[in-house]
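A.B. asks: I would like to see how this sequence folds:
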Amino acid sequence: LKKSKRVVIPNRVGIERRMKGANNRSRYKHWERDTIVSKKGCRGGLASHQERKSRLVLARKVWSMSPHEHAAATQYVESIVVMKSTTIDNGFENREHESWGAPTFCCDPYSSWQKGGIENANKMLRAFFPKGTDFSTVSQKQIDAACDIINNKPRKILGYRSALEVARKAKLFKHTSVLIQG
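C.D. replies: Residues are numbered from 1 along each chain as shown. Below is the predicted model of the structure:
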């Protein structure tokens with residue numbers, strides 16, 4: 001009897017097929033997505049997103065690692081920003097990637113460096129929510145405040161402009177009325 005291969009991510013498209021403008025950060029509106037989990041024994045965490053060129057960081061609280069909840073978090077982010085593509089890892093929470101509204105590209109297994117921008121964004125978010133944080137006690141308002149601080153900080157890689165300045169100039173937001181501090 002032949003053993004069937006378990007498919008974690010249906011219709012997975014490898015990162016080698018990602019468009020050149022996303023690979024070399026020469027084009028805006030290409031995103032990376034990851035998850036920050038609660039401390040052991042607690043549920044939930046953050047669905048974090050970073051635009052590759054502007055370095056804009058957005059994060060949504062999730063109550064579980066269910067693919068449906070992560071799809072809803074990414075769909076929310078996609079409702080306020082323009083998303084031409086998203087790069088993800090091979091985690092189970094990304095199973096519903098086809099419902100996100102933008103093409104998705106999967107990193108190679110155990111190759112988190114292929115989405116290094118979001119890994120760095122998660123490191124910045126961890127300054128506010130260290131390992132051991134129980135995200136069930138953290139509000140979306142607190143998460144938004146942390147993102148606002150990160151997004152308003154002038155960064156050398158952006159010519160000492162903030163990610164929010166760069167994102168606004170690049171017209172990443174679908175609506176000018178989107179409430180983003182700064």
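
A.B. asks: Now the phi/psi pair for the residue nearest to the spatial centre of the chain, please.
C.D. replies: Here the mean C-alpha position of the chain is nearest to the C-alpha of His49 (Cα atoms, centre = their mean), at a distance of 1.8 Å. As for His49, its main-chain torsions (degrees, to the nearest 10) stand at phi -140, psi 140.

A.B. asks: Does it touch Gln75 like I think?
C.D. replies: No. If you go by Cβ atoms under 8 Å, His49 and Gln75 don't touch, sitting 11.4 Å apart. Any C-beta I mention is one placed from the backbone N, CA and C, and that applies to glycine too.

A.B. asks: Spell out which residues are contacts of both of the two.
C.D. replies: Between them, His49 and Gln75 share no contacting residue under Cβ atoms under 8 Å, 6 or more residues apart in numbering.

A.B. asks: about what we covered before: mind checking how far the residue nearest to the centre of the chain is from Tyr160?
C.D. replies: 24 Å (Cβ to Cβ, to the nearest Å).

A.B. asks: low-scoring pLDDT stretches of the chain, where are they?
C.D. replies: Flagging of the chain using pLDDT under 70 yields the residue ranges 1-7, 176-182.

A.B. asks: what about the nearest residue in space to Glu51 that is not next to it in sequence, how many neighbours?
C.D. replies: Distance criterion Cβ to Cβ, 6 or more residues apart in numbering; nearest residue to Glu51, sequence neighbours excluded, is Trp31 at 5.5 Å. Residues near Trp31, counting by other Cβ atoms under 10 Å, number 30.

A.B. asks: Tell me the gap between whichever strand or helix holds Trp31 and the middle of its chain.
C.D. replies: Assigned by DSSP states H and E, Trp31 belongs to strand 30-37. With Cα atoms, centre = their mean, to the nearest Å as the basis, strand 30-37 stands 3 Å off its chain's centre.

A.B. asks: and that strand, what does it pack onto?
C.D. replies: strand 45-51, helix 67-80, strand 85-88, helix 116-126 (3 or more Cβ pairs under 8 Å, 6 or more residues apart in numbering; DSSP states H and E).

A.B. asks: Who are the packing partners of whatever helix or strand comes next after the shortest one?
C.D. replies: Read it as strand 85-88. Counting by DSSP H and E, the next helix or strand C-terminal to strand 85-88 is strand 104-106. With contacts taken as 3+ Cβ pairs under 8 Å, 6+ apart, strand 104-106 sits against strand 85-88.

A.B. asks: Partner strands of the strand it packs on and their direction?
C.D. replies: strand 30-37 (parallel), strand 104-106 (parallel) (DSSP bridges).

A.B. asks: ok now that strand, how far from the chain's centre?
C.D. replies: 8 Å.
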